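**Q** Here is my input, please return the structure:
(chains A and B)
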Amino acid sequence: AQKITQTQPGMFVQEKEAVTLDCTYDTSDQSYGLFWYKQPSSGEMIFLIYQGSYDEQNATEGRYSLNFQKARKSANLVISASQLGDSAMYFCAMREVLIIRRAGGTSYGKLTFGQGTILTVHP
Amino acid sequence: DVKVTQSSRYLVKRTGEKVFLECVQDMDHENMFWYRQDPGLGLRLIYFSYDVKMKEKGDIPEGYSVSREKKERFSLILESASTNQTSMYLCASSPTVSSTDTQYFGPGTRLTVL
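**A** Numbers count the residues shown, from 1 in each chain, chains lettered A, B, ... in the order given. Predicted coordinates for the structure are as follows:
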């Protein structure tokens, strides 16, 4: 079974500083996807960044980058130049690639989420 | 833009009531999901559907059922609500096949069962 672990219940960072949110995972699959989501106090989940298990380069999306260390099974999120609007809950998630085959097509598997990290950005 | 909507943001029900949570997506996605979110536990998958009238149990299906009569709509049903089903419920959808597909989430329904 897949498992995602986020060991930091809460993190604090000064505005304009960089912060790293930790995520480790456990899977026996060779092919998988890793995602980070942001959940502000409004409640909706916002997709931030994706890393495929076979991607050789770390993913980047604007101020977000993913420090992917496959051998250590870690996929840490790095937020550069923190802003007050970055204050939110952050979730790491893994998507299994085991697919359900059905007539006429295929579908991909579910996401497994970590417990989340609450990030607070101080002015 | 993908839009996933949920019928209510806040809902208060009594123990034993039958509760319907509705989710609608407007992007013709084949996959739809229902999660519940609890502090310290992250999101846990209740049920998912990969086609109309098709459903699969997730990690915590007990006490829940689902219905997908139309592609755009996925309903979560609590047959007899209990206090331990007080939680935030999130619906999500995604297109099929692509290995990089993310899931697109609705705004969530915060359900309180008294």
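
**Q** List the buried residues in stretch B:49-66.
**A** B:49-51, B:55-56, B:58, B:64, B:66 (16 or more other CB atoms under 10 Å in any protein chain shown). No exception for glycine: its C-beta is placed from N, CA and C like everyone else's.

**Q** Please apply the same query to stretch B:8-27.
**A** Residues B:11, B:13, B:19, B:21-25 are the ones in stretch B:8-27 that count as buried (16+ other CB under 10 Å).

**Q** Now narrow the buried residues of stretch B:49-66 to whatever sits close to chain A.
**A** B:50-51, B:56, B:58 (CB under 8 Å from any CB of the partner chain).

**Q** count of neighbours near residue 43?
**A** I went with chain A, as the question did not name one. Number of residues near residue A:43 (other CB atoms under 10 Å in any protein chain shown) recorded here: 18.

**Q** could you do chain B instead?
**A** 26.

**Q** Which of the helices or strands spans it?
**A** strand B:42-51 (DSSP states H and E).

**Q** Of the ones next to chain A among the buried residues of stretch B:49-66, which pair is most distant in space?
**A** Farthest pair in those (CB to CB) is B:51 and B:58. Separation: 16.1 Å.

**Q** quick one: low-confidence ranges for chain B?
**A** B:1-2, B:96-100 (pLDDT under 70).

**Q** can you do 90?
**A** Scanning chain B for pLDDT under 90 picks out the ranges B:1-3, B:27-31, B:39-42, B:48, B:50-59, B:94-103.

**Q** what residues does it put near chain A?
**A** Checking chain B against chain A by CB under 8 Å from any CB, the hits are B:9, B:30-31, B:33, B:35, B:40-45, B:48, B:50-51, B:54, B:56, B:58, B:88, B:90, B:92, B:94, B:96-97, B:99-108, B:110.
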